[in-house]
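Participant: sequence and predicted structure below; questions after.
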Number of protein chains: 2
Amino acid sequence: MATASAPGKVYLFGEHAVVYGEPAVPCAIERRATVSVKRRTDGRVRVDAPILSFEGVSVEFGEGPPRVDVPTDLARQGVRYIDAAVDQARGAADDPDAGYTVRVESDLPIGAGLGSSAAVSVATIDAAARESGTTLDPTDIADRAYQVEREVQAGEASRADTFCSTMGGAVRVEGDDCRTLEAAPLPFVIGYDGGAGDTGELVAGVRGLKEDYGFAADTIAAIGDLVRHGEHRLADGDIEELGRLMDINHGLLSALGVSSRSLDAMVWAAREAGADGAKLTGAGGGGCIVALDDSGATETALDYAPDCEQAFRAELATEGLIRE
Amino acid sequence: MATASAPGKVYLFGEHAVVYGEPAVPCAIERRATVSVKRRTDGRVRVDAPILSFEGVSVEFGEGPPRVDVPTDLARQGVRYIDAAVDQARGAADDPDAGYTVRVESDLPIGAGLGSSAAVSVATIDAAARESGTTLDPTDIADRAYQVEREVQAGEASRADTFCSTMGGAVRVEGDDCRTLEAAPLPFVIGYDGGAGDTGELVAGVRGLKEDYGFAADTIAAIGDLVRHGEHRLADGDIEELGRLMDINHGLLSALGVSSRSLDAMVWAAREAGADGAKLTGAGGGGCIVALDDSGATETALDYAPDCEQAFRAELATEGLIRE
């Protein structure tokens, strides 16, 4: 049996603007998906994924469509990532008929925009390929995990999530160019409202604003300039300055129409608790905010905030993929 | 006795950016200060102003500092406007030793950023000058009321508030240039959190961001571009488009650090009630939001919003100063 884990991520800066060629800075967080894979001789794939629903779900597939016991959308979606990741591993290991038993565990909330699908894809590809006798290099894993996301998300994927999950740390992404940044420790606190925006709709909304209004295009450009400024402040760990930039980034995202009542409420709960800064992370419209706070005050404040379903600390993950 | 009333105002677009030479669009609202003035022969000034505190306050002054029964800051501040306005009227009417009994009533909340001081100044100058036998033209009144605000606010005043209150309607202000805009009816709804930001601190905060970050300067420029676009949409009364621009303007103001938890909460209460758009109005940090909504839904939603102390409708006031 081979086991691998890979971290989720938050966007410190730059989501949405990254779609238009501006740089963005996703950061891996110390919350992981852990995947254990055992090769089977019957050519079938069996997935045990307690993460895919609150009760856990068991799925078996081989010929034909997967048989899912709890056919929720999240479960179906999760299985599609694992299916595609297994295919990548088969191809990489030149083991086309391999079957696997895949067990997925995760301390990342699913569908919250924290990159759980990328983490699962990365860990699954690595572990399954090793069960078939091939150890892939991280760049190859990141690329194959990106192909998985592209396939499952109908072409709408970014290299950032899978690169960040594979490599860990703070990442600079600009178009297809991804690289890691030197970064001091970052005391992230995350608040999750239990919901999710419609990413496609939110991206289309920003595109509409950009097409209609020059000042919306300028707002996107301002986010890019903010990122180009902020990326140089990671190495020295100036949390106060990074927080200030996060606050501004959140306002610019609000101007682009991708915040929500609950995201703004969580952002203010964090700021009033003394966070150095707070912003939505990811597509917006609902989901998660990320704050910077060395103390426990922001987590406590979010715990008590009516709009926050789940709050947790998650330091910057300096390691990405870990083989266990 | 001479009586005059003058309206308060909201900023449809452009506050804060206007400090840096960008245009802004304040709009007079159908909420007024009404001032009745009776000339006295004893050269003294007596102010009856039930608006200056919840209980009402009576102030008498002549030689030496005013004697204020309820020495709250708001009362002291209110009396300073009336004192300076009376001086303007004495000068304009060439009646330097005139005394007046001044009664001020207002349905504008005081210190909420809705321009109550400008409205009181405008109405007082007009009524007192008429009691001294001189009817001033509106441009002269607007200019004298601006001098009053400059004097009381230690040089920190904008011509916009007093021009808007004198002329009524929607106004375009850019630097010292103020003019009225053709505008269809605007169904404003106002929410007031009962507080107020520190205008000087907020303006200084924006200045700091602008000096530190090119993208903050670009954000200010984006507000200016938004105003230059939006000012042409007032005549045809495209409420939906104006609301969309208000939402963006609010986000850009948030990026400049001048929103607050309660302002954002009221903005979202309005949007979720179906308002066409909503934004903070004025200096920010607390105070008022303004929304556009033809229906009663936004007012009701704000009435029930925990962060809103007072909610009311206030259509665009097509008339400014009214002599009664």
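Facilitator: Cool, got the structure.
Participant: residue ranges for the strands of chain A, please.
Facilitator: All strands of chain A, identified by DSSP state E, fall at A:2-13, A:25-40, A:45-49, A:57-61, A:67-68, A:99-106, A:170-174, A:177-181, A:188-192, A:277-281, A:288-292, A:310-313, A:322-323.
Participant: would you list those in TSV and tack on mean pLDDT?
Facilitator: Below are the strands of chain A laid out as TSV (pLDDT from 0 to 100):
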stretch	mean pLDDT
strand A:2-13	98
strand A:25-40	97
strand A:45-49	89
strand A:57-61	58
strand A:67-68	54
strand A:99-106	94
strand A:170-174	97
strand A:177-181	97
strand A:188-192	98
strand A:277-281	98
strand A:288-292	98
strand A:310-313	96
strand A:322-323	98
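Participant: save those strands as JSON lines, and put in distance to residue B:206 and mean neighbour count too.
Facilitator: C-beta: built from backbone N, CA, C; applies to glycine. Output for these, formatted as JSON lines (distance: least, Cβ to Cβ, whole Å; neighbours: other Cβ atoms under 10 Å in any protein chain shown):
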{"stretch": "strand A:2-13", "distance to residue B:206": "21", "mean neighbour count": "28"}
{"stretch": "strand A:25-40", "distance to residue B:206": "25", "mean neighbour count": "24"}
{"stretch": "strand A:45-49", "distance to residue B:206": "49", "mean neighbour count": "21"}
{"stretch": "strand A:57-61", "distance to residue B:206": "51", "mean neighbour count": "18"}
{"stretch": "strand A:67-68", "distance to residue B:206": "54", "mean neighbour count": "16"}
{"stretch": "strand A:99-106", "distance to residue B:206": "43", "mean neighbour count": "21"}
{"stretch": "strand A:170-174", "distance to residue B:206": "29", "mean neighbour count": "22"}
{"stretch": "strand A:177-181", "distance to residue B:206": "30", "mean neighbour count": "14"}
{"stretch": "strand A:188-192", "distance to residue B:206": "27", "mean neighbour count": "26"}
{"stretch": "strand A:277-281", "distance to residue B:206": "17", "mean neighbour count": "29"}
{"stretch": "strand A:288-292", "distance to residue B:206": "22", "mean neighbour count": "29"}
{"stretch": "strand A:310-313", "distance to residue B:206": "31", "mean neighbour count": "18"}
{"stretch": "strand A:322-323", "distance to residue B:206": "45", "mean neighbour count": "14"}
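Participant: out of these, flag the one nearest residue B:148.
Facilitator: Among the strands of chain A, the nearest to residue B:148 by Cβ to Cβ is strand A:277-281 (40.3 Å).
Participant: what sits up against that closest one?
Facilitator: A:10-11, A:15, A:113-114, A:190, A:242-247, A:249-250, A:253, A:258-260, A:263, A:266-268, A:270-271, A:287-292, A:298 (Cβ atoms under 8 Å, 6 or more residues apart in numbering or on different chains).
Participant: angles on the backbone of the residue most central in space within chain A, please.
Facilitator: When Cα atoms, centre = their mean is applied to chain A, the residue found nearest the centroid is residue A:115 (1.8 Å). When quoted as degrees, to the nearest 10, the phi and psi of residue A:115 stand at phi 80, psi 30.
Participant: how many residues are close by the residue lying closest to residue A:214 once chain neighbours are set aside?
Facilitator: Once flanking residues are discounted, residue A:214 sits nearest to residue B:225: 5.8 Å by Cβ to Cβ, 6 or more residues apart in numbering or on different chains. When neighbours are defined as other Cβ atoms under 10 Å in any protein chain shown, residue B:225 has 19 of them.
Participant: distance check, residue B:225 against residue A:216.
Facilitator: 9 Å (Cβ to Cβ, to the nearest Å).
Participant: ditto for residue A:171
Facilitator: Counting by Cβ to Cβ, the separation of residue A:171 from residue A:216 is 26 Å.
Participant: likewise for residue A:271?
Facilitator: 25 Å.
Participant: can you check residue A:192 too?
Facilitator: On the measure of Cβ to Cβ, residue A:192 and residue A:216 end up 28 Å apart.
Participant: just residue A:323 next, same as before
Facilitator: 45 Å.
Participant: check residue A:169 too.
Facilitator: 32 Å.
Participant: try residue A:259
Facilitator: For residue A:259, the distance to residue A:216 - Cβ to Cβ - is 15 Å.
Participant: ditto for residue A:174
Facilitator: Counting by Cβ to Cβ, the gap from residue A:174 to residue A:216 is 21 Å.
Participant: which secondary element of chain A has the worst mean pLDDT?
Facilitator: strand A:67-68 (a mean of 54; mean pLDDT, DSSP states H and E).
Participant: for residue A:199, what are its contacts?
Facilitator: Contacts for residue A:199 (Cβ under 8 Å, 6+ apart) come out as A:156, A:283.
Participant: residues in contact with the longest helix along chain A?
Facilitator: Scanning chain A for the longest helix, with DSSP state H as the assignment, gives helix A:73-92. Here helix A:73-92 makes contact (Cβ under 8 Å, 6+ apart) with A:45, A:47, A:49, A:51-53, A:57, A:59, A:61, A:66, A:68, A:95-98, A:100, A:102, A:104, A:110-111, A:117, A:120-121, A:124-125, A:127-129, A:131-132, A:134, A:136, A:140, A:144-145, A:147-149, A:151-152.
Participant: cool, stretch A:261-273 as well?
Facilitator: A:189, A:191, A:193, A:195, A:247, A:250, A:254, A:277-280, A:284-287, A:289, A:291, A:293, A:297-298, A:300-302, A:305-308, B:260-261, B:264-265, B:268-269, B:271-272.
Participant: re the thing from before, separation between the residue nearest to the centre of chain A and residue B:238?
Facilitator: 41 Å.
Participant: before we move on, what about residue A:291?
Facilitator: 38 Å.
Participant: next one: residue A:186
Facilitator: Relative to residue B:238, and taking Cβ to Cβ, residue A:186 is found at 45 Å.
Participant: tell me which of these two has more neighbours.
Facilitator: More crowded of residue A:186 and residue B:238, by other Cβ under 10 Å: residue A:186, with 22 against 16.
Participant: got a list of what that one touches?
Facilitator: By Cβ under 8 Å, 6+ apart, the contact list for residue A:186 reads A:12, A:27, A:170, A:234, A:237, A:239, A:242, A:292, A:315-316.
Participant: which of those residues lies closest to chain B?
Facilitator: Distances from chain B to these, taken as Cβ to the nearest Cβ, are shortest for residue A:242 (13.2 Å).
Participant: what's the spacing between the spatially closest residue to the closest one that is not a sequence neighbour and residue A:21?
Facilitator: Leaving aside its sequence neighbours, residue A:242 sits nearest to residue A:233 (Cβ to Cβ, 6+ apart; 5.7 Å). Distance, residue A:233 to residue A:21, using Cβ to Cβ: 22 Å.
Participant: those two: which is more packed in?
Facilitator: Neighbours per residue (other Cβ under 10 Å) separate residue A:233 from residue A:21, with residue A:233 holding more: 17 against 10.
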